[in-house]
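> Build me a model:
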Amino acid sequence: MIGSVPPGTLIRELSTQKFAGELKNHGDKLLVAKGGRGGRGNAAFFNHKNTAPKYAELGEPGASRWLR
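Residues are numbered from 1 along each chain as shown. Now for the predicted structure:
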């Protein structure tokens, strides 16, 4: 996750220098890598017989990119 950057910041791929986007104004946001699907927590396995489930399913990993 990229924190705060000044307006006018250019985002590029690290290895190819391909342009990924620009943050022109204060408060602009740019999605550069989509997150993965979240898993089901133990609340999804709750039922009348199993009122305190102690297991959950893991989610899937998201995309990753090296940026400059």
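> hang on, isn't residue 8 packed against residue 24?
Yes - at 6.6 Å, residue 8 counts as touching residue 24 under the criterion of C-beta atoms under 8 Å. The way it works is simple: take the backbone N, C-alpha and C, and place the C-beta from them, glycine included.
> what does stretch 6-25 rub up against?
Stretch 6-25 is contacted from outside by 5, 26, 28, 29, 30, 32, 65, 66, 67, 68, using C-beta atoms under 8 Å, 6 or more residues apart in numbering.
> quick one: contacts for the second one?
Residue 26 is in contact with residue 7, counting by C-beta under 8 Å, 6+ apart.
> where's it, which helix or strand?
If you go by DSSP states H and E, residue 26 is not part of any helix or strand.
> This structure: strands as residue ranges?
9-12, 19-23 (DSSP state E).
> Spatially central residue in the chain, please.
residue 35 (3.6 Å; C-alpha atoms, centre = their mean).
> Report pLDDT for the closest residue in space to that one that isn't next to it in sequence.
Excluding the flanking residues, the one nearest residue 35 by C-beta to C-beta, 6 or more residues apart in numbering is residue 62, at 3.9 Å. Here, the pLDDT recorded for residue 62 equals 89.
> wait, doesn't residue 62 sit right on residue 31?
No - the criterion here is C-beta under 8 Å, and residue 62 misses it with residue 31 at 11.1 Å.
> Show me this structure divided up by domain.
The record assigns the chain these domain ranges, following automatic domain parsing: 1-30, 36-61.
> And the last one, end to end?
Its first and final residues considered, domain 36-61 spans 5 Å by C-alpha to C-alpha, to the nearest Å.
> How far does that domain sit from its chain's centre?
In terms of C-alpha atoms, centre = their mean, to the nearest Å, the centre of domain 36-61 is found 20 Å from the chain centre.
> what's the answer for the longest one, then?
For domain 1-30, the distance from its own C-alpha centre to the chain's C-alpha centre is 16 Å (C-alpha atoms, centre = their mean).
> Give the buried residues for it.
Residues 11, 20, 23 are the ones in domain 1-30 that count as buried (16 or more other C-beta atoms under 10 Å).
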